[in-house]
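Participant: Quick one: sequence and predicted model below, then my questions.
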Amino acid sequence: MQQQSTNDFSYCPDNDQVQGGNPRSHEGNDVSRQDLSVPARMNQAVSAELLREIADFCLLLSPDGTILDYSIHTDDLGSALAKDWVGQSWLDTVTNDSQVRAEALLSEALAQRGQIAMGDTSHTLPDGTDMLVRYRAVHPLDADHIMLVGEDMRSEANLRQQLMNAQQALELDYWRLRQIETRYRRLFDMVSDAILVVDGESMRITEANARAAQLLAPEQDTVAGQPFPLGLSRKAERTLNTTLEEARVAGRATAKDIASEDGEHQLDISASYLKQGDESRFLLRITESGGSHTAGPGTPAEALLQESLPVAPDAILITDADGRIVTANRKFLELAQVVSEDQVAGQLADRWLGRSGVDLSVLLTNLRRNDSVKLFGTTLHGEQGSIADVEVSAAGLSSSSGQCLAFFIRDVGRRVAVEHPTAAKLPRSIEQITKRVGRVPLKDLVRESTDVIEALCIEAALELTHDNRASAAELLGLSRQSLYAKLRRYEIGAPGDVSE
């Protein structure tokens with residue numbers, strides 16, 4: 001690509017003056033006319049210097065949009081932009097989705113002569129990536145050409161992409177928290193025991209379920225916001241205060257046979273102390289004395305648990321000891337792309353679960369050796385061809401019908417990583433590559449491994465030679481041209497920074 005200075009664009013409205021030269025001599029020209037060319041040339045020089053400071057590159061177009069000349073002011077764009085733009089239509093150099101904006105920019109510049117029009121377009125670089133450019137276009141009053149001043153907006157586009165990724169992560173977290181809160185509220189209201197959450201500093205009730213209001217304040221619909229203890233006899237209040245202080249120290253405490261204020265109930269109160277940052281809470285569970293404190297078969301708590309499993313947001317799969325499916329919840333059926341539970345019952349789980357037949361065997365082997373497996377990364381294949389990245393946790397269960405296995409499967413395909421890439425990047429370690437075994441063909445993994453090792457060796461050579469690329473090339477046994485090509489390929493070092 002040709003490199004020119006912005007001064008090539010200096011335009012002299014005086015037809016008797018040569019660009020960059022002295023005024024032509026004509027009879028009748030007085031001294032004052034010649035003197036006016038000096039500030040004109042100074043203005044052109046200042047304008048050129050300003051363009052050099054604020055613009056990454058400039059274009060001169062004919063009124064029909066043909067590129068007459070261009071000038072590049074940054075080193076990294078010299079190898080990025082096309083080399084054969086002169087003579088082409090500027091509209092042919094922009095991407096398809098930028099055609100309408102580019103045409104509108106030219107039309108506005110031609111229609112509003114002498115005024116600056118501004119618009120954003122994109123160009124496809126030789127490496128296949130798109131470069132967003134903010135153009136300012138002007139059609140001077142005393143010239144036939146159109147000047148376009150381009151500003152490289154790739155860094156801003158990258159920041160926009162990172163912002164979008166962060167917004168998506170926040171939205172995922174927001175909806176996840178909303179779902180958790182909804183389940184929490186439902187469980188909180190449906191549990192048969194009285195549950196209270198009490199502020200550890202003010203000792204006021206911040207949350208309470210309906211059963212708590214029935215036991216402690218039958219005449220009220222809710223007890224939230226009231227001071228605690230509430231609805232207990234004076235003697236019981238002193239006993240409970242001692243229990244709460246014990247819980248504050250030990251974390252847990254229990255008080256039994258606490259009398260209610262009306263004397264009709266004897267209550268057992270279990271207290272847990274929770275501290276998060278500057279806030280502290282007491283979590284209280286209140287049951288009538290003589291009632292069951294643990295959920296046994298047929299209790300409301302067990303029934304509630306059984307009702308929650310089918311609608312759980314994560315896939316749950318129950319199999320026998322050999323991995324044959326006994327039952328599955330709705331989420332698993334959704335991921336497996338089947339309509340009913342009958343289609344999966346009796347089938348081996350590896351028909352859907354696992355990157356290969358090996359994954360289920362690994363899970364079963366680990367479950368026989370240990371009681372549980374946590375966060376095993378694999379995939380789940382749907383009947384219609386979809387593939388979801390999942391994490392599997394599993395545990396063994398004992399039932400009257402024999403040994404069973406419970407698999408808890410979480411879809412992590414939409415999880416936003418901490419370092420979310422905005423473009424395809426080379427893995428930075430062999431560990432990142434090995435995590436992709438089973439998802440990417442072996443030949444691609446071998447090629448990526450070779451690239452990673454080659455990039456790491458080049459970085460090590462540059463570090464040993466203090467970024468002297470000529471010495472690094474000699475150390476690696478490469479020509480300098482080959483080394484520069486690999487530096488561009490792996491995006492190592494600052495663009496255009498060649499130290500010898």
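Facilitator: It's in.

Participant: Let me know how buried residue 196 is, in neighbour terms.
Facilitator: By other Cβ atoms under 10 Å, 25 other residues sit near residue 196. Every C-beta, even on glycine, is put in place using the N, C-alpha and C of the backbone.

Participant: any idea which helix or strand comes after the helix or strand of the chain with the lowest mean pLDDT?
Facilitator: Lowest on mean pLDDT, DSSP states H and E among the helices and strands of the chain sits helix 31-54, with a mean of 50. The helix or strand immediately downstream of helix 31-54 is strand 57-61, counting by DSSP states H and E.

Participant: buried sites along the helix or strand just after that next one?
Facilitator: For strand 57-61, the following helix or strand on the C-terminal side (DSSP H and E) is strand 67-72. For strand 67-72, burial by neighbour count (16 or more other Cβ atoms under 10 Å) applies to 67, 70-72.

Participant: Stretch 182-192 too?
Facilitator: When burial is assessed from 16+ other Cβ under 10 Å, stretch 182-192 yields the following buried residues: 190-191.

Participant: Quick check: mean pLDDT of it?
Facilitator: Summarised as a single mean, pLDDT over stretch 182-192 is 74.

Participant: could you dump it to PDB, C-alpha only?
Facilitator: Presented in PDB, the C-alpha positions along stretch 182-192 are these (Å, rounded to 0.1, in the frame of the first residue of the first chain):
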ATOM      1  CA  THR A 182     -39.200 -17.600  43.300                       C
ATOM      2  CA  ARG A 183     -38.400 -21.100  44.500                       C
ATOM      3  CA  TYR A 184     -37.300 -19.800  47.800                       C
ATOM      4  CA  ARG A 185     -40.500 -17.900  48.400                       C
ATOM      5  CA  ARG A 186     -42.600 -20.900  47.400                       C
ATOM      6  CA  LEU A 187     -40.800 -23.200  49.700                       C
ATOM      7  CA  PHE A 188     -40.800 -20.600  52.500                       C
ATOM      8  CA  ASP A 189     -44.600 -20.200  52.300                       C
ATOM      9  CA  MET A 190     -45.400 -23.900  51.900                       C
ATOM     10  CA  VAL A 191     -43.200 -25.400  54.700                       C
ATOM     11  CA  SER A 192     -45.200 -26.700  57.600                       C
END
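
Participant: Nearest to residue 325 among the buried residues of strand 67-72?
Facilitator: Closest approach to residue 325 among the buried residues of strand 67-72 (Cβ to Cβ): residue 72, at 63.7 Å.

Participant: how many neighbours does the closest residue to the closest one other than its chain neighbours have?
Facilitator: Distances taken as Cβ to Cβ, 6 or more residues apart in numbering place residue 57 nearest to residue 72, at 4.6 Å, with adjacent residues excluded. As a burial measure, residue 57 scores 22 neighbours (other Cβ under 10 Å).

Participant: Could you list every helix and strand in contact with the helix or strand encompassing residue 379?
Facilitator: In this assignment (DSSP H and E), residue 379 forms part of strand 372-381. Contact here means 3 or more Cβ pairs under 8 Å, 6 or more residues apart in numbering; DSSP states H and E; on that basis strand 372-381 packs against helix 330-336, helix 357-369, strand 387-399.

Participant: okay if I get those as CSV plus distance to residue 413, mean pLDDT and mean neighbour count?
Facilitator: Below are the helices and strands packed on strand 372-381 laid out as CSV (distance: least, Cβ to Cβ, whole Å; pLDDT from 0 to 100; neighbours: other Cβ atoms under 10 Å):
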stretch, distance to residue 413, mean pLDDT, mean neighbour count
helix 330-336, 10, 88, 20
helix 357-369, 17, 81, 15
strand 387-399, 5, 83, 16
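
Participant: could I get those as a markdown table with distance to residue 348?
Facilitator: Formatted as a markdown table, the helices and strands packed on strand 372-381 follow (distance: least, Cβ to Cβ, whole Å):
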| stretch | distance to residue 348 |
| --- | --- |
| helix 330-336 | 13 |
| helix 357-369 | 7 |
| strand 387-399 | 15 |
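
Participant: Just the closest of the buried residues of strand 67-72 to residue 412, please.
Facilitator: Of all those, residue 412 sits closest to residue 72, with 44.6 Å by Cβ to Cβ.

Participant: before we move on, back to that, could you measure from the residue nearest to residue 72 over to residue 138?
Facilitator: For residue 57, the distance to residue 138 equals 15 Å [Cβ to Cβ, to the nearest Å].

Participant: Between the helices and strands packed on strand 372-381, which one is closest to residue 284.
Facilitator: Among these, strand 387-399 comes nearest to residue 284, with 30.2 Å by Cβ to Cβ.

Participant: tell me how far that closest one is from the chain's mean position?
Facilitator: Taking Cα atoms, centre = their mean, to the nearest Å, one finds the center of strand 387-399 at 26 Å from the center of the full chain.

Participant: ditto for stretch 326-342
Facilitator: Here the centre of stretch 326-342 is set off from its chain's centre by 29 Å, with Cα atoms, centre = their mean.

Participant: immediately after the longest helix anywhere in the chain, which helix or strand?
Facilitator: Looking across the chain with DSSP state H, the single longest helix is helix 154-190. For helix 154-190, the following helix or strand on the C-terminal side (DSSP H and E) is strand 194-199.

Participant: Remind me what the next helix or strand after that next one packs against, helices and strands.
Facilitator: Once strand 194-199 ends, the next helix or strand along the chain (criterion: DSSP H and E) is strand 205-208. Helices and strands touching strand 205-208, by 3+ Cβ pairs under 8 Å, 6+ apart, are strand 194-199.

Participant: What strands flank the strand it packs on, and is each parallel or antiparallel?
Facilitator: If you go by DSSP bridges, strand 194-199 pairs up with strand 205-208 (antiparallel), strand 279-288 (antiparallel).

Participant: of all those, which lies closest to residue 349?
Facilitator: Short answer: strand 279-288, nearest of the strands paired with strand 194-199 by Cβ to Cβ, at 37.6 Å.

Participant: ok, residue 366 touching residue 373?
Facilitator: Yes: here residue 366 reaches residue 373: they are 4.9 Å apart, a contact under Cβ atoms under 8 Å.

Participant: show me where pLDDT drops low in the stretch 351-500 of the chain?
Facilitator: Filtered on pLDDT under 70, the stretch 351-500 of the chain yields the residue ranges 355-357, 398-402, 414-440, 494-500.

Participant: could you redo the last one with a cut-off of 80?
Facilitator: Within the stretch 351-500 of the chain, the ranges that satisfy pLDDT under 80 run 355-359, 370-371, 397-403, 413-448, 464, 466, 493-500.

Participant: The stretch 151-300 of the chain too?
Facilitator: For the stretch 151-300 of the chain (pLDDT under 80), the answer is 181-193, 210-211, 213-215, 217-225, 229-231, 233-236, 257-265, 276-278, 288-300.

Participant: mind running it again at 70?
Facilitator: Applying pLDDT under 70 to the stretch 151-300 of the chain flags the ranges 221, 290-300.

Participant: Which elements pack onto the helix or strand harbouring residue 489?
Facilitator: Using DSSP H and E, residue 489 sits in helix 480-490. Applying 3+ Cβ pairs under 8 Å, 6+ apart, we find helix 480-490 packed against helix 442-464, helix 469-476.
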